[in-house]
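Colleague: Here's my sequence, what's the structure:
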Amino acid sequence: MVLWPDEFEAHGVHVGIIPLEQCHAPILAEVITKGKLHQLQYASIPEPAKIAEEIERRTQLRSEGSMQPFAVLDKRTDQVVGMTSYMNIDAKTPRLEIGSTWYCPSVQKTALNTECKLLLLSNAFENLNCRAVEFRTHVMNQQSRRAIERLGAKFDGILRAHMVMANGSIRDTAVYSIIAAEWPNVEEHLTWQLEKPRR
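Modeller: Numbering: from 1, shown residues only. Purely as a prediction, here's the structure:
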């Protein structure tokens, strides 16, 4: 089976994006533990003891062609600070979703996330020729929805009763997307966000 997309790695000023591997499990478990990320109400982040299992799950999905998982590096320290993925990959259209993303609290709402999305979107539109890139989140996760909207993604709608969360609750999913025709303006906006002075 020929996997699409090809293996991908990118490095910017603030962030590095590298293929996710089992060797990243110890530091990711530490990140989850310190931030108590697995206790977040609207996110699906594994317990620290199950991070190796989650990496294996994502690796299996990669072998099936439906996901391409990455570890996220903070370039200030060269330490892994989270994970992200291309997922729901549709090679025929082509289109994909950027999701299953989480970071340690110290880098949330920083230039790291903006640059991470810029690098992933650049690859999707400029190298993979995607027609669209999706973002999905829990309808009640206002922090995540605002972050997606700040990227320049448009709201597509809500998938009601879309999935079952780990705690057994039913999730409605808010869906956003950026299409290829919008990418030049989104790229300009994200580049401006990275270049503007930060207070």
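
Colleague: Name whatever forms a beta bridge with I17.
Modeller: Under DSSP bridges, the beta-bridge partners of I17 are A10, V72.

Colleague: how about it, what does it touch?
Modeller: 8-11, 70-73, 84, 116, 119-120 (C-beta atoms under 8 Å, 6 or more residues apart in numbering). All C-beta spots, glycine's among them, are computed from the backbone N, C-alpha and C.

Colleague: Among the residues you listed, name the buried ones.
Modeller: Buried positions within those, assessed by neighbour count (16 or more other C-beta atoms under 10 Å), are 8, 10, 70-73, 84, 116, 119-120.

Colleague: Please convert those to TSV, extending it with distance to N127.
Modeller: Output for the buried ones among the contacts of I17, formatted as TSV (distance: C-beta to C-beta, whole Å):
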residue	distance to N127
F8	8
A10	10
F70	15
A71	20
V72	19
L73	20
T84	17
C116	16
L119	11
L120	11
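
Colleague: low pLDDT regions in this structure?
Modeller: 1, 197-199 (pLDDT under 70).

Colleague: Please enumerate the strands of it.
Modeller: 10-11, 15-19, 67-74, 79-90, 95-103, 132-138, 154-164, 170-179 (DSSP state E).

Colleague: CA atoms only: put the longest one into PDB for me.
Modeller: This file holds the C-alpha atoms of strand 79-90, laid out as PDB (Å, rounded to 0.1, in the frame of the first residue of the first chain):
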ATOM      1  CA  GLN A  79      11.700  19.200  23.800                       C
ATOM      2  CA  VAL A  80       8.500  17.500  22.700                       C
ATOM      3  CA  VAL A  81       5.500  19.400  24.000                       C
ATOM      4  CA  GLY A  82       2.600  17.800  22.400                       C
ATOM      5  CA  MET A  83       1.000  15.900  19.400                       C
ATOM      6  CA  THR A  84      -0.900  16.700  16.300                       C
ATOM      7  CA  SER A  85      -2.100  14.800  13.200                       C
ATOM      8  CA  TYR A  86      -3.300  14.800   9.700                       C
ATOM      9  CA  MET A  87      -6.400  12.700  10.000                       C
ATOM     10  CA  ASN A  88      -9.500  11.600   8.100                       C
ATOM     11  CA  ILE A  89      -7.300  11.600   5.100                       C
ATOM     12  CA  ASP A  90      -9.000  11.400   1.700                       C
END
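
Colleague: Could I get the strands of the chain in a markdown table, plus columns for distance to T33?
Modeller: What follows is these, written out as a markdown table (distance: least, C-beta to C-beta, whole Å):
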| stretch | distance to T33 |
| --- | --- |
| strand 10-11 | 27 |
| strand 15-19 | 22 |
| strand 67-74 | 17 |
| strand 79-90 | 13 |
| strand 95-103 | 13 |
| strand 132-138 | 23 |
| strand 154-164 | 25 |
| strand 170-179 | 25 |
